[in-house]
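**Student:** model the following, please.
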Amino acid sequence: MNQSKPHQITDPFDTIKHILKVSERLNELKDLDAILDRILEESRLLSNADAGTLFLVKDGELVFEYIQNESFADQRDGIKIYSNQTIPINGLSIVGYVAQEGKPLCIDDAYDLPEGLSCTFNSGFDTRSGYHTKSILTVPIKSSQRKVIGVIQIINAKNDLGEVIPFTKEMEHYLGLFANNASVAIEQGIITREVVLRMVKMAELRDPTETGAHVQRVGAYSAEIYDNWAQTHGIEKAERKRIKDRIRIAAMLHDVGKVGVSDLILKKPGRLSETEFDQIKLHTVHGRNLFTQSTSDLDEMSAEIASNHHEKWDGSGYPGHMKSKNGDVKLGSGKQGSEIPLAARICAVADVYDALCSKRSYKEAWHEDQAVDEIKKASGTEFDPEVVASFLDIQPTINSIREHFNGT
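**Tutor:** Below you'll find the predicted structure:
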């Protein structure tokens, strides 16, 4: 991980302007995960903290959303990026205490807590990993209604020599200001995610295989595959994050065009005729058409993925080079190689892998090893070999995603 340069606190007004500028840029992001990742990164940079965790409140508990640790930067997959772990909101844990009280807590030494605190430090991660937590700053994230919607915890502030030092009182105030401003972007990200899932819900009414869990896995797989591919190709960090922000949402909408296909075909229990399968293929066209009145880069990528995620590297996919006559669309010869947009080539791998690992009315779920072998076999024919290589390179993350979104 190439960490950005920490913000140097020299003048309070300069720092406040920096916080407001970063908060404004957060609002440019659409995907909730990209927003949370950026918030945690900026929180660490603001204080030159080595590590941190961000939690959101869901169903009355704190849920791990993002974990960053600069000391384990080269072992990213060794730390679970996607986790289902929850923490009760009560006075027993540090983050639970902060969520319950709604106020920051600054600790100079995790192994020597101030007297009178009801919470304790959980040293489990330190024991398992060999890491040593010392200074901790934990602040609540509050909505515009002053309700606690999450918690940011940053760990081990460092000086210019790389030595761990306590967090200052000023840093506590600055991080609290940033957390409150960042809450706006979080709420917008949650709304965007809910809108996308409602669109998927409409498709699910037509096609039971198109579930919320499936599309969230495909979106997360696609984002992480892209991130690995982009790092391999030397894509600049800011551009990498911008595209990763879009591809997760766009990939979630890959099959939304099925709303335009007849129930008689989508829900037919037996084998489809050639004519019926041609109608199924048109869901790529219907999906593309939903985004033709493009108003953003996200719309453009959504159209690319919806239209092209069934194209194959060797040109045997669909819908291919389409022709339109008198309003009727005719499928053409398949696109191949780099003719297929990168985002669609990535989504193709993610979608097929998840379909193989999922139970359906017509098949049992494949074991992950079988599914991975199938993806390997199709490299160079159905799939872009470089995309497959990136998929294989992040298997621990892929497994974490599958466990995290473990619905059907």
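**Student:** use CA for all of it now, contacts and neighbours both
**Tutor:** Will do.
**Student:** contact partners for Leu92?
**Tutor:** 118-120 (Cα atoms under 8 Å, 6 or more residues apart in numbering).
**Student:** got it, and Ser93?
**Tutor:** Ser93 neighbours (Cα under 8 Å, 6+ apart): 87, 119-122.
**Student:** make it 10 Å
**Tutor:** Each residue near Ser93 by Cα atoms under 10 Å, 6 or more residues apart in numbering is listed here: 87, 99, 118-122.
**Student:** check Ile305 too.
**Tutor:** 247, 250-255, 284, 287-288, 311, 340-348.
**Student:** can you tell me which of those residues end up in helices?
**Tutor:** 247, 250-252, 284, 287-288, 342-348 (DSSP state H).
**Student:** point out where the stretch 251-400 of the chain drops to low pLDDT.
**Tutor:** 325-327, 361-362 (pLDDT under 70).
**Student:** tell me the secondary structure at Ala295.
**Tutor:** I think there's a mix-up here, since residue 295 is Thr and not Ala. Under DSSP: H, G, I helix; E, B strand; the rest coil, Thr295 falls in the coil class.
**Student:** what residues go with each domain of the chain?
**Tutor:** 12-189, 207-404 (automatic domain parsing).
**Student:** just the terminal-to-terminal distance for the longest one.
**Tutor:** As for domain 207-404, its first-to-last residue distance stands at 23 Å under the measure Cα to Cα, to the nearest Å.
**Student:** same check, this time on stretch 99-107
**Tutor:** End to end - Cα to Cα - stretch 99-107 spans 16 Å.
**Student:** tell me the mean pLDDT for that stretch?
**Tutor:** Average pLDDT, stretch 99-107: 97.
**Student:** may I see the buried residues of that stretch?
**Tutor:** 99, 102, 104-107 (16 or more other Cα atoms under 10 Å).
**Student:** relative to Val22, how far out is Thr168?
**Tutor:** 21 Å.
**Student:** ok, these two, which is more surrounded?
**Tutor:** Taking other Cα atoms under 10 Å, Thr168 and Val22 do not tie; Val22 has more neighbours (17 against 14).
**Student:** touching, the more buried one and Asn181? I think so.
**Tutor:** Yes. Counting by Cα atoms under 10 Å, Asn181 is a contact partner of Val22 at 9.4 Å.
**Student:** tally of neighbours for Asn111?
**Tutor:** Small correction: residue 111 is Tyr, not Asn. 15.
**Student:** so it sits in a helix?
**Tutor:** No. With three-state DSSP as the criterion, Tyr111 is coil rather than part of a helix.
**Student:** dump the residue contacts of it.
**Tutor:** So Tyr111 contacts 120-123, 132-135 (Cα under 10 Å, 6+ apart).
**Student:** hmm, back to that, any chance of the domains of the chain in CSV, plus distance to Val196?
**Tutor:** Formatted as CSV, the domains of the chain follow (distance: least, Cα to Cα, whole Å):
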stretch, distance to Val196
domain 12-189, 10
domain 207-404, 7
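**Student:** closest one to Arg198 among the ones you listed?
**Tutor:** Among these, domain 207-404 comes nearest to Arg198, with 8.8 Å by Cα to Cα.
**Student:** for the nearest residue to Ser43 once chain neighbours are set aside, what is the enclosing helix or strand?
**Tutor:** Nearest residue to Ser43, sequence neighbours excluded (Cα to Cα, 6 or more residues apart in numbering): Leu175, at 6.7 Å. Secondary structure assignment for Leu175, by DSSP states H and E: helix 169-206.
**Student:** buried residues, that helix. List them.
**Tutor:** 171-172, 174-186, 188-190, 192-193, 196-197, 200-201, 203-204, 206.
**Student:** average pLDDT across it?
**Tutor:** 90.
**Student:** show me what it is packed up against.
**Tutor:** Counting contacts by 3 or more Cα pairs under 10 Å, 6 or more residues apart in numbering; DSSP states H and E, helix 169-206 packs against helix 12-26, helix 32-47, strand 105-107, strand 136-142, strand 148-158, helix 212-232, helix 237-252, helix 263-266.
**Student:** and the next element down the chain from the strand or helix carrying Phe64?
**Tutor:** Secondary structure assigned from DSSP H and E places Phe64 in strand 61-69. The first helix or strand that comes after strand 61-69 along the chain, using DSSP H and E, is strand 86-88.
**Student:** what lies in contact with that next one?
**Tutor:** 55-58, 60-65, 93-97, 99-100.
**Student:** quick one: contacts of stretch 293-301?
**Tutor:** Taking Cα under 10 Å, 6+ apart as the rule, stretch 293-301 contacts 30, 242-243, 245-251, 288, 290-292, 302-304, 307, 341-344.
**Student:** what about burial for the residues you listed, which qualify?
**Tutor:** Neighbour counting with 16+ other Cα under 10 Å marks 30, 242-243, 245-251, 288, 291, 302-304, 307, 341-344 as buried within the contacts of stretch 293-301.
**Student:** and the strand or helix carrying Asn399, what's buried?
**Tutor:** Asn399 belongs to helix 395-404 when assigned by DSSP H and E. In terms of neighbour count (16+ other Cα under 10 Å), helix 395-404 has its buried residues at 397-398, 400-402, 404.
**Student:** tell me what that helix is packed against?
**Tutor:** Looks like helix 395-404 contacts helix 212-232, helix 342-357, helix 368-377, helix 385-393 (3+ Cα pairs under 10 Å, 6+ apart).
**Student:** could you export these to CSV, including columns for distance to Met322?
**Tutor:** Below are these laid out as CSV (distance: least, Cα to Cα, whole Å):
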stretch, distance to Met322
helix 212-232, 26
helix 342-357, 17
helix 368-377, 27
helix 385-393, 25
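**Student:** wait, which of those helices is closest to Ser324?
**Tutor:** Taking these one by one with Cα to Cα, helix 342-357 is closest: 22.2 Å.
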